[in-house]
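S.K.: mind looking at a prediction? Sequence and model below.
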Amino acid sequence: MILVFIETRDGVIKKSSLEALSEAKRRGADLGNGIEAVFVGTVPDATAAEVFPFGAVKAHILENPALDTYSSQGFCRALALLVGDLKPAAVFFSATAMGRDLAPRLAAALGVSLASDCTKLAVKDGRLEFTRPVFAGKALLTLSMKAAPALATLRPNIFPLEPAVPFAGAVIRKSADVPDGLVRGKVVDILREPAAEIDVTEAGVVVTGGRGMKGPEAFGLLKELAALLPHAAVGASRSAVDSGWIGHQHQVGQTGKTVSPDLYMAFGVSGAIQHLAGISGSKFVAAVNKDPEAPIFKVADYGIVADLFEVIPHLKEELIKLKG
């Protein structure tokens, strides 16, 4: 059996978790294994039932007041106990901020290995194989696990959603044993950035600005551009974040977030190797930079050598025409 951790935000299942569930269904079919999902915290039955059309036959809900907000200690404890009971062959997470935090802790608690940020899964000789980028995306490593369960985080926007098929599975609620004092930190408030509904890791289009934006005010242009594109989010290079022009949650790259959009648009981004490592999964890359020798052009499918402040207004104008 393959167990998939399902992440929710504001009561809604994240698309990346459904992608992980869909890939589990495909690999489970190759192995002859069933698929089950697990939620941690308070989740309505109706929300839990949303995993059934994507391949899960059971949805486990681990409940405890200490799990109402995320903590790596509490979530890991609850998951470790469930894994001990179910003994799955593998546990999949989405490689979101939560998945990247929680999966390594669970692997350490279980004493098993973790394949992180996987971009491909396969079955060979009856065993799961995991492929992930290494050396800043310059090479791909394929590995299999000797110990069970095999833990893996799957990069968002890489694995296609399995077509939903109506199915009625079982919702199983369990009280999670989380001892007092285990959770050493508590979330007291969540500050949300205005109009930031889409995380860059889950966006279909990422509009990124670099040092060439020249200041924080110019990122308003990128937000206006993103608003004209479907399922788009604003990203930033490390230099722009370090300069204080935009928040760290927008940072794309090896020290930020790894993205895999259908379209990655880079404005004033030079293309340092650390940044390129974070966009290697992008299907198409379009870059605008005044420097014709900028490294970003080596990976770009489309490039414009020009002043971004001249290109963006024309691009906005054409998008407005397309929108009618």
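M.R.: Nice, thanks for sending it over.

S.K.: the stretch 51-200 of the chain: strands as residue ranges?
M.R.: Using DSSP state E, counting those that start in this stretch, the strands of the stretch 51-200 of the chain run over 58-63, 90-94, 114-118, 120-124, 127-134, 139-143, 150-154, 170-175.

S.K.: I figured Glu63 hits Val178, correct?
M.R.: No - contact criterion C-beta atoms under 8 Å: Glu63 and Val178 do not qualify, at 10.0 Å. C-beta here means a position set from N, CA and C on the backbone, and glycine is covered the same way.

S.K.: which one's more surrounded, those two?
M.R.: Neighbours per residue (other C-beta atoms under 10 Å) separate Glu63 from Val178, with Val178 holding more: 22 against 18.

S.K.: right, and the strands of the stretch 51-200 of the chain - which one's nearest Gln251?
M.R.: strand 114-118 (16.1 Å; C-beta to C-beta).

S.K.: that closest one: partners in the sheet, and parallel or antiparallel?
M.R.: strand 150-154 (parallel) (DSSP bridges).

S.K.: picking up where we left off before, okay, the strands of the stretch 51-200 of the chain in JSON lines with distance to Arg184 next?
M.R.: Formatted as JSON lines, the strands of the stretch 51-200 of the chain follow (distance: least, C-beta to C-beta, whole Å):
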{"stretch": "strand 58-63", "distance to Arg184": "19"}
{"stretch": "strand 90-94", "distance to Arg184": "22"}
{"stretch": "strand 114-118", "distance to Arg184": "23"}
{"stretch": "strand 120-124", "distance to Arg184": "34"}
{"stretch": "strand 127-134", "distance to Arg184": "31"}
{"stretch": "strand 139-143", "distance to Arg184": "33"}
{"stretch": "strand 150-154", "distance to Arg184": "23"}
{"stretch": "strand 170-175", "distance to Arg184": "21"}
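
S.K.: Val187 is nearest to which of these?
M.R.: That would be strand 58-63 among the strands of the stretch 51-200 of the chain, by C-beta to C-beta, at 17.3 Å.

S.K.: with only the CA atoms kept, save that closest one in PDB.
M.R.: Output in PDB follows, covering the C-alpha atoms of strand 58-63 (Å, rounded to 0.1, in the frame of the first residue of the first chain):
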ATOM      1  CA  LYS A  58      -9.300   5.200   2.400                       C
ATOM      2  CA  ALA A  59      -8.900   8.600   4.000                       C
ATOM      3  CA  HIS A  60      -7.300   8.700   7.500                       C
ATOM      4  CA  ILE A  61      -7.900  11.800   9.600                       C
ATOM      5  CA  LEU A  62      -5.600  12.100  12.600                       C
ATOM      6  CA  GLU A  63      -7.100  14.400  15.200                       C
END
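
S.K.: okay, now the sheet partners of it, with direction.
M.R.: strand 35-40 (parallel), strand 170-175 (parallel).

S.K.: chain center to that strand: distance?
M.R.: Centroid separation for strand 58-63 versus its chain: 22 Å, with C-alpha atoms, centre = their mean, to the nearest Å.

S.K.: pull the residues that contact it.
M.R.: 6, 36-43, 48-49, 51-52, 78-79, 82, 169-176 (C-beta atoms under 8 Å, 6 or more residues apart in numbering).

S.K.: which among those residues end up buried?
M.R.: Among the contacts of strand 58-63, those classed as buried by 16 or more other C-beta atoms under 10 Å are 6, 36-43, 48-49, 51-52, 78-79, 82, 169, 171, 176.

S.K.: re the thing from before, just put the strands of the stretch 51-200 of the chain in JSON lines and tack on mean pLDDT.
M.R.: Shown next, in JSON lines, are those (pLDDT from 0 to 100):
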{"stretch": "strand 58-63", "mean pLDDT": "96"}
{"stretch": "strand 90-94", "mean pLDDT": "97"}
{"stretch": "strand 114-118", "mean pLDDT": "95"}
{"stretch": "strand 120-124", "mean pLDDT": "95"}
{"stretch": "strand 127-134", "mean pLDDT": "93"}
{"stretch": "strand 139-143", "mean pLDDT": "93"}
{"stretch": "strand 150-154", "mean pLDDT": "97"}
{"stretch": "strand 170-175", "mean pLDDT": "95"}
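
S.K.: Gly235 and Gly271, how far apart?
M.R.: Gly235 sits 13 Å away from Gly271, going by C-beta to C-beta, to the nearest Å.

S.K.: let me fix that, I meant to ask about Ile304.
M.R.: Counting by C-beta to C-beta - Ile304 and Gly271 are separated by 14 Å.

S.K.: how about Gly111?
M.R.: In terms of C-beta to C-beta, Gly111 sits 40 Å off from Gly271.

S.K.: when those two are compared, which one has more neighbours?
M.R.: Gly271 (22 against 7).

S.K.: that one: what's its closest spatial neighbour, skipping adjacent residues?
M.R.: Ile296 (3.0 Å; C-beta to C-beta, 6 or more residues apart in numbering).
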